[in-house]
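K.L.:
I would like to see how this sequence folds:
(2 chains)
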Protein chains: 2
Amino acid sequence: MHLLIIAHGSRQESSNNEIRALTERLRQLESPFMGIECAFLEIAEPSIPEGLLSLIARDITDIVVLPYFLSAGRHVLTDIPAQVEQVQSAAPNVNIRIAPYLGAADQIDQLLMRQALATVVS
Amino acid sequence: MHLLIIAHGSRQESSNNEIRALTERLRQLESPFMGIECAFLEIAEPSIPEGLLSLIARDITDIVVLPYFLSAGRHVLTDIPAQVEQVQSAAPNVNIRIAPYLGAADQIDQLLMRQALATVVS
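P.N.:
Prediction:
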């Protein structure tokens, strides 16, 4: 089972590199994922289809796609599912699941409050 | 001291309402913030200047602005600081601090991994 983190993609290459660094840090965590990669909805590379196809080319048949997004706007509701579906329909034997977007996590409230408080204390 | 959460703003009104619901949930948490509001960089209302000015109109002089963003793209690096600065220069006696954006939080890695695992288990 592999994990593919999907970020928006930015013209600011440092911002895309943040996602690549995050992906690298996630690989260091213990998890059931054999591999963790990232892909981008727009602008940066690899694209979502490229990211999925490069996993599939390695005979990976079980993929969890996680949208690294904070709210359920058009990208999360429509664009990401459409790009995933494009690959899924071409590779029906691969099990691709889309995890809830990051902003849907219960713990996001506490994390946000902690981040706000860090500023106050520092 | 008041907290102003800044989100991107979406054409999808349900997505803006997610931010308003988050803001409401944050108000229920114990914190040193006397009040918590939200504002939007683009599209939705109130805008960042509107959000700040409505706090200042209530004689609030200590404001923490928290960018509800995951990566340090143009919005976080340039657009939000510019809009805040516009109000700050018009209201020099108000203490406006910009907290690090949410994606800079150390705990984001664990949160993301937990979210990915939730899908696998469910």
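K.L.:
going forward, measure contacts between C-alpha atoms and count neighbours the same way
P.N.:
OK.
K.L.:
Tell me where chain A has helices.
P.N.:
Ranges of helices in chain A, per DSSP state H, are A:13-28, A:48-56, A:74, A:80-90, A:108-121.
K.L.:
Buried deepest among those, which one?
P.N.:
Mean neighbour counts were compared across the helices of chain A using mean count of other C-alpha atoms under 10 Å in any protein chain shown; the top stretch is helix A:48-56, at a mean of 18.
K.L.:
And for it, what's in contact with it?
P.N.:
Here helix A:48-56 makes contact (C-alpha atoms under 8 Å, 6 or more residues apart in numbering or on different chains) with A:4, A:6, A:37-41, A:80, A:83-84, A:86-87, A:94.
K.L.:
for chain A, which spans come out with low pLDDT?
P.N.:
Across chain A, the ranges flagged by pLDDT under 70 are A:122.
K.L.:
re earlier: for residue B:106, find the nearest of the helices of chain A.
P.N.:
The closest of the helices of chain A to residue B:106 is helix A:108-121. By C-alpha to C-alpha, the value is 9.3 Å.
K.L.:
Which strands or helices does the closest one pack on?
P.N.:
Applying 3 or more C-alpha pairs under 8 Å, 6 or more residues apart in numbering or on different chains; DSSP states H and E, we find helix A:108-121 packed against helix B:13-28, strand B:62-67.
K.L.:
Let me have those in CSV, adding distance to chain A as columns.
P.N.:
Listed next are the helices and strands packed on helix A:108-121 as CSV, based on distance: least, C-alpha to the nearest C-alpha, whole Å:
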stretch, distance to chain A
helix B:13-28, 5
strand B:62-67, 6
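K.L.:
Quick check: residues of chain A near chain B?
P.N.:
For chain A, the contact set with chain B under C-alpha under 8 Å from any C-alpha of the partner chain comprises A:3, A:10-12, A:14-15, A:18-19, A:22, A:25-26, A:31, A:64, A:66, A:68-74, A:97-100, A:102, A:105, A:107-109, A:111-113, A:115-116, A:118-120.
K.L.:
picking up where we left off before, with respect to chain B, which of the contacts of helix A:48-56 is nearest?
P.N.:
Nearest to chain B out of the contacts of helix A:48-56 is residue A:4 (C-alpha to the nearest C-alpha; 9.6 Å).
K.L.:
Report the contact partners of that closest one.
P.N.:
Going by C-alpha under 8 Å, 6+ apart, the list of residues near residue A:4 reads A:36-39, A:51-52, A:63-66.
K.L.:
make it 6 Å
P.N.:
Each residue near residue A:4 by C-alpha atoms under 6 Å, 6 or more residues apart in numbering or on different chains is listed here: A:36-38, A:65.
K.L.:
From those residues, list the buried ones, please.
P.N.:
Among those, the ones that count as buried by 16 or more other C-alpha atoms under 10 Å in any protein chain shown are A:36-38, A:65.
K.L.:
need these in TSV with distance to residue B:47, can you?
P.N.:
Listed next are these as TSV, based on distance: C-alpha to C-alpha, whole Å:
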residue	distance to residue B:47
A:36	37
A:37	36
A:38	32
A:65	33
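K.L.:
Just the ones of these in strands?
P.N.:
Applying DSSP state E to these, the entries found in strands are A:36-38, A:65.
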